[in-house]
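Q: Predicted model and sequence follow; I will ask about them next.
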Amino acid sequence: MKNIFDAPFIREMRAVTANMYRLGWDERNGGNISYMLDENEVAEYLDLNSVIRTIPTGFDAKELIGKIFIVTGTGKYFKNIDSDPENNLGIIRIAGDGTTAELLWGYSDGGRFTSELPAHLMSHISRLSVNPENRIIMHCHPDNTLAMTQVHEMDERKLTRTLWKQMTESIVVFPDGIGVLPWMVCGTNEIGKATAEKMKKYRLVVWTLHGIYGAGKDMDETFGLIETVEKAAIQYMLTAHLPKVNTITDDNLRALAKAFNLDYRKDFLD
Ligand code: 2HA
Ligand code: ZN
């Protein structure tokens, strides 16, 4: 059996969470990540017949029975994951009843997965239904994206258009646009269902006055989506109070879509 601390998925979780913490996206226990792992790869590091304990999830994820995820722990700080992954992360498998998580590794102080597990697992189900390659759901609280939810209309078309017009790369990176949820209580099955419903159409969902969710096939794609939204939101927050002299037009966006052969939300342009 190989040493789990050498596993690429542990290295990736440590690196990305440290990076997100340093960017200020994950204060205190803010943010969470779930990453669906390949069973054969995990079997190189863990005995898959050895379950440390079982933890009820509080909802039915029968579409994910047998699937294995590495998930950040509830109440744990991204700041601390790199130095103590075994306490702050856990590897869980969805048991045959669909409502129980089998702990295979981690949460070593007796902890459990993020309170946002419903939003994560339901979003995995949604994204896998449109893209079987999807592996990651990432949630965080980037400053400028969050600030925008205080001052910009939280309408999917309007928010996406504003962000597309902040910089040329926006429509290239997220041509499918951004889903929006109104303010809701977090950590519940209700916000989980609402997020997952949006995830059928979008890889990005903004939670008003809370943060953002991103989905992707790997860490780079998922992180890159959120990073690009945040970059555009920085542009907006730096300039929204100033007179606009130069702006990307709808025709410019159509030209980009043509040049990059983008499958974009055409109904989001005038
Ligand atoms: O895990 O970010 O949304 C802490 C949060 C809850
Ligand atoms: Zn949050």
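A: Here it is on my side, so go on. Residues are numbered from 1 along each chain as shown. Ligands and ions are numbered 1, 2, ... in the order given.
Q: The residue in the stretch 101-250 of the chain positioned nearest to ligand 1: what's it in contact with?
A: Nearest residue of the stretch 101-250 of the chain to ligand 1, counting by CB to the nearest ligand atom: Cys186, 4.3 Å away. For every residue, glycine as well, the C-beta is placed using N, CA and C. Neighbouring residues of Cys186 by CB atoms under 8 Å, 6 or more residues apart in numbering: Ser115, Glu116, Trp207, His210.
Q: of those residues, buried ones?
A: Among the contacts of Cys186, those classed as buried by 16 or more other CB atoms under 10 Å are Glu116, Trp207, His210.
Q: Give me the subset of the residues you listed that also touch ligand 1.
A: Glu116 (CB under 6 Å from any ligand atom).
Q: which one of the contacts of Cys186 is nearest Phe260?
A: Trp207 (28.7 Å; CB to CB).
Q: pretty sure the closest one contacts Ala194?
A: No: in this structure, Trp207 is not within contact of Ala194 by CB atoms under 8 Å, at 9.1 Å.
Q: which residues are common contacts for those two?
A: Leu181, Met184.
Q: Out of the buried ones among the contacts of Cys186, which comes closest to Asp263?
A: Trp207 (25.2 Å).
Q: Okay, and the beta partners of the closest one?
A: Using DSSP bridges, the bridge partners assigned to Trp207 are Leu181, Gly211.
Q: Looking at it now. What's its pLDDT?
A: pLDDT recorded at Trp207 is 98.
Q: Over to the one 3 residues further on?
A: Confidence at His210, expressed as pLDDT, is 98.
Q: and if you look at the one 5 residues further on?
A: What the model reports as pLDDT for Ala215 is 99.
Q: shouldn't it be in contact with Lys198?
A: No: Ala215 is not in contact with Lys198 according to CB under 8 Å; the separation is 10.2 Å.
Q: more neighbours, the two?
A: Per other CB atoms under 10 Å, whichever of Ala215 and Lys198 has more neighbours is Ala215, with 26 against 22.
Q: Is the more buried one bridged to anything, and to what?
A: Beta bridges link Ala215 to Ile137 when assigned by DSSP bridges.
Q: ok so, going back, take the contacts of Cys186 and write them to CSV, including distance to Ile33.
A: Listed next are the contacts of Cys186 as CSV, based on distance: CB to CB, whole Å:
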residue, distance to Ile33
Ser115, 13
Glu116, 10
Trp207, 16
His210, 16
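Q: Looking at those, spot the one nearest Phe78.
A: Phe78 has its nearest neighbour among the contacts of Cys186 in Glu116, at 13.5 Å by CB to CB.
Q: what residues are up against that closest one?
A: Contacts of Glu116 (CB under 8 Å, 6+ apart): Asn32, His139, Cys186, Gly187, Gly192.
Q: how about a cut-off of 10 Å?
A: 31-34, 71-72, 74, 123, 137, 139, 186-188, 191-192, 195, 213 (CB atoms under 10 Å, 6 or more residues apart in numbering).
Q: Within range of ligand 1, give me the residues from the stretch 101-250 of the chain.
A: Those residues of the stretch 101-250 of the chain that sit near ligand 1, judged by CB under 6 Å from any ligand atom, are Thr114, Ser115, Glu116, His139, Cys186.
Q: List just the nearest of these to Leu262.
A: His139 (25.8 Å).
Q: And whichever helix or strand that closest one is part of, what does it pack against?
A: According to DSSP states H and E, His139 maps onto strand 136-140. Applying 3 or more CB pairs under 10 Å, 6 or more residues apart in numbering; DSSP states H and E, we find strand 136-140 packed against helix 8-22, strand 32-37, strand 68-72, helix 117-130, helix 189-199, strand 204-207, strand 211-216, helix 219-239.
Q: List the backbone torsions phi and psi for the nearest residue in space to Leu204 that is not next to it in sequence.
A: Leaving aside its sequence neighbours, Leu204 sits nearest to Ile178 (CB to CB, 6 or more residues apart in numbering; 4.7 Å). Note on Ile178: its backbone torsions stand at phi -130, psi 130 [degrees, to the nearest 10].
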